[in-house]
Each structure stands twice: as structure tokens, then as C-alpha cells.
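Visitor: pasted the sequence and its predicted model underneath.
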Amino acid sequence: GAGVSQSPRYKVAKRGQDVALRCDPISGHVSLFWYQQALGQGPEFLTYFQNEAQLDKSGLPSDRFFAERPEGSVSTLKIQRTQQEDSAVYLCASSAAGSGGKTNEKLFFGSGTQLSVL
Amino acid sequence: KQEVTQIPAALSVPEGENLVLNCSFTDSAIYNLQWFRQDPGKGLTSLLLIQSSQREQTSGRLNASLDKSSGRSTLYIAASQPGDSATYLCAVKGSGGSYIPTFGRGTSLIVHP
């Protein structure tokens, strides 16, 4: 594709609902990152995939957060039993190379999914 | 743990001014540093990437410098325009184990006509 695509663009959930956020990276990109951005803050790392392997999930805030990339392309971030503190913009980024991140490839970001938990 | 700080947090200037945005980081063992632009309600757009072995990168009216030993980078914007209004973020990729980019909180820039 022409760029990183994320859907939905906006998601409103009632507290306790499960949500699934989708990221479609640039075709052929090996690395995929998920970040969480609260209002007025910089993006905070959640998890990193190299192809289908989840190499780093140290940023996931709790076991309610789960991410997968089963075929090494599209990725889904799932949040179970959403809480108000989960309200944020969830950003996905991809880059061409892998090597566990040891590259100087630029990151390309999607427009994000704005999640509001009521 | 790498900490990235950006100063100032916000900046409002008249059109035509030359600007300097600052980014500092606590761990100098870095792989690269990348500057991004974020427009309201949008994702991040990469502006410049400086590898650890480089001192600066230029693209049009933008120039980014890197002083790894002092843990600093600056983004210089020449002859600012209203279209430059956005939030500017820097991201540092460490080389000491985790190669995950760490972001600062950004500088919110308004350039008024």
C-alpha cells in the first residue's frame, strides 16, 4: 500500500468492552511497532514485531493488552475489559528492515486510532 | 532507561523567524535519532534521521544536528512559515540492548502570519 493504514479511525467503547485495533503496514515492511499516545504526551512504546515474531512486548501496560501479527503483515492490537485510562491514540509504525531494530531505516506511521472509553 | 526531553514545550513566533528546537537524551549510547512532525489528529511524519556516526542532516529549510557525547540534538528551521505549525518530536533509538525508539513529549510550534 501507499502508507500505513489504521482502522478504525475513532472508537468509542463502554468501560469493560473489548476492542480490536487494526494496522496494515506498508507492503513488504518487516518491522511493526505499536505506540500509545496520551493527550499532550509523546508516543509510548507498547510492542514490536519482526515479521510474525513478537520480539518485544515490554511496553504493554497490563495483561489486558494483546497484539498479534500472524502472517507477518497485518497486525491487531486487542484490549480486553477496557478502562478509562486506556483512552488514548494508538499509533502503528512500520519500517522496511528487521534485524531486531538494529537498522537506520526510517519509521512510517499511520494516522492512529483514537480510543475513548466512557 | 533512556529519557528524552524536548525544550521548549511550546513556541509561538511570527512568520520568517529562524527557530531552534532542542532534544536532549540521558543515555549517549544511541543508534540514531529521528525528528518527526505531527499535525493535529494525524500520525507522525519523518523529517530527518541522523545516524550515531553523523553530526548533521539537512532537508530543505530543516537542519538537524547531533552531539552524542553531550546527549543533545537540535532542529533548526529557517525562515519559518505558517505551514510549519505542528508538533515536532524527536525519537532516540538506543544501542545498549533495546533498539526501540524512545520519544520526547514534543514541541508545539505555532507560526503566525
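Guide: Ah, there it is.

Visitor: chain B contacts on chain A?
Guide: A:4, A:6, A:33, A:35, A:40-45, A:48, A:56, A:58-59, A:91, A:93, A:100-102, A:104, A:106-112, A:114 (Cβ under 8 Å from any Cβ of the partner chain). C-beta coordinates here come from the backbone N, C-alpha and C atoms, glycine included.

Visitor: A:Q80 - how many residues pack around it?
Guide: Residues within reach of A:Q80, counting by other Cβ atoms under 10 Å in any protein chain shown, total 14.

Visitor: quick check: it touching A:D86?
Guide: No: judged on Cβ atoms under 8 Å, A:Q80 makes no contact with A:D86 at a distance of 10.1 Å.

Visitor: joint contacts of those two?
Guide: A:R64 (Cβ atoms under 8 Å, 6 or more residues apart in numbering or on different chains).

Visitor: tell me the pLDDT of the closest residue to A:K106 other than its chain neighbours.
Guide: Sequence neighbours aside, B:S46 is the residue nearest to A:K106 in space, at 4.6 Å (criterion: Cβ to Cβ, 6 or more residues apart in numbering or on different chains). Predicted confidence (pLDDT) for B:S46: 93.

Visitor: so when I look at B:S46, I'm seeing a strand, right?
Guide: Yes: under DSSP: H, G, I helix; E, B strand; the rest coil, B:S46 falls within a strand.

Visitor: now do the contacts for it.
Guide: B:S46 touches A:K106, A:L107, A:F108, B:Q34, B:W35, B:F36, counting by Cβ under 8 Å, 6+ apart.

Visitor: and these, which are buried?
Guide: Neighbour-count burial (16 or more other Cβ atoms under 10 Å in any protein chain shown) applied to the contacts of B:S46 gives A:L107, A:F108, B:Q34, B:W35, B:F36.

Visitor: and the last one, what does it touch?
Guide: Residues counted as contacts of B:F36 (Cβ under 8 Å, 6+ apart) are A:F109, B:L44, B:T45, B:S46, B:L47, B:Y88, B:L89, B:C90, B:A91.

Visitor: go again with 10 Å.
Guide: The contact partners of B:F36, by Cβ atoms under 10 Å, 6 or more residues apart in numbering or on different chains, come to A:42-43, A:93, A:106-107, A:109, B:43-49, B:86-91, B:101, B:103, B:106.
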